[in-house]
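Asks: Build the 3D model from these lines:
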Amino acid sequence: MRSIWAFSPISVVKQMAQRGRRATIAAVERMCLFFLLALILISSVQPATAQSRFTAQQLRDLCNSAEVSRQNACNAYISGVRQTMDVFKNSLKDRLRYCIPPATTNREVKEKFLEWVGRNTAETQSAVSGVMRSIQEAYSCRKPGGERLEF
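Replies: Now for the predicted structure:
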């Protein structure tokens, strides 16, 4: 039995060059079969849809799971969003307004997210947006009296 590579376009062209007309017809048939199989494989792949995104509610479920591995995934996700926001904070200062005190732990940020998602159960936004909004609401750059905080 021949391998799948015997049907590749390159091998077909080589066979066409090495053999006569009868072999050429067989090679073209194999090439057509190869492309037909490729089309079937490509068409069977499902495209990503808006429904397949990771939502804030799914992240909440991950964080509230009894499984340690799922809790670790939640912690890593929230930590990654926080660190990404910190990296881009200066370049996006018109869009990202938050002031997390330096001593704030990722556990505290996670708790703020869980409080936020508990208050916003009807919203179906992405997990990234949920974490970002919870950080911006929990750690606004204003004191209760309106004075601006700087860190």
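
Asks: how does the chain divide up, domain by domain?
Replies: With domains defined by automatic domain parsing, the chain comprises 4-44, 50-138.

Asks: Lowest average pLDDT across those domains?
Replies: Ranked on mean pLDDT, the bottom entry among the domains of the chain is domain 4-44, at a mean of 56.

Asks: Kindly provide the distance from residue 103 to residue 109.
Replies: Distance from residue 103 to residue 109, counting by C-beta to C-beta, to the nearest Å: 12 Å. For glycine as for every other residue, the C-beta is placed from the backbone atoms N, C-alpha and C.

Asks: out of these two, which sits in the busier spot?
Replies: Set residue 103 next to residue 109 and count neighbours by other C-beta atoms under 10 Å: residue 109 wins out with 21 against 6.

Asks: for that one, what are its contacts?
Replies: Counting by C-beta atoms under 8 Å, 6 or more residues apart in numbering, residue 109 touches 78-79, 82, 100, 134-135, 138.

Asks: Pull out the buried members of those residues.
Replies: 78-79, 82, 100, 134-135, 138 (16 or more other C-beta atoms under 10 Å).

Asks: Throw those into TSV and include distance to residue 64 and secondary structure, thanks.
Replies: Compiled in TSV, these are given as follows (distance: C-beta to C-beta, whole Å; DSSP: H, G, I helix; E, B strand; the rest coil):
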residue	distance to residue 64	secondary structure
78	13	helix
79	17	helix
82	19	helix
100	23	coil
134	15	helix
135	19	helix
138	18	helix
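
Asks: Pipe those into JSON lines and attach distance to residue 124 per row.
Replies: Shown next, in JSON lines, are the buried ones among the contacts of residue 109 (distance: C-beta to C-beta, whole Å):
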{"residue": "78", "distance to residue 124": "19"}
{"residue": "79", "distance to residue 124": "23"}
{"residue": "82", "distance to residue 124": "22"}
{"residue": "100", "distance to residue 124": "26"}
{"residue": "134", "distance to residue 124": "15"}
{"residue": "135", "distance to residue 124": "19"}
{"residue": "138", "distance to residue 124": "21"}
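
Asks: Could you work out the most separated pair of those residues?
Replies: Using C-beta to C-beta, those reach their maximum pairwise distance at 79 and 138, which is 15.4 Å.
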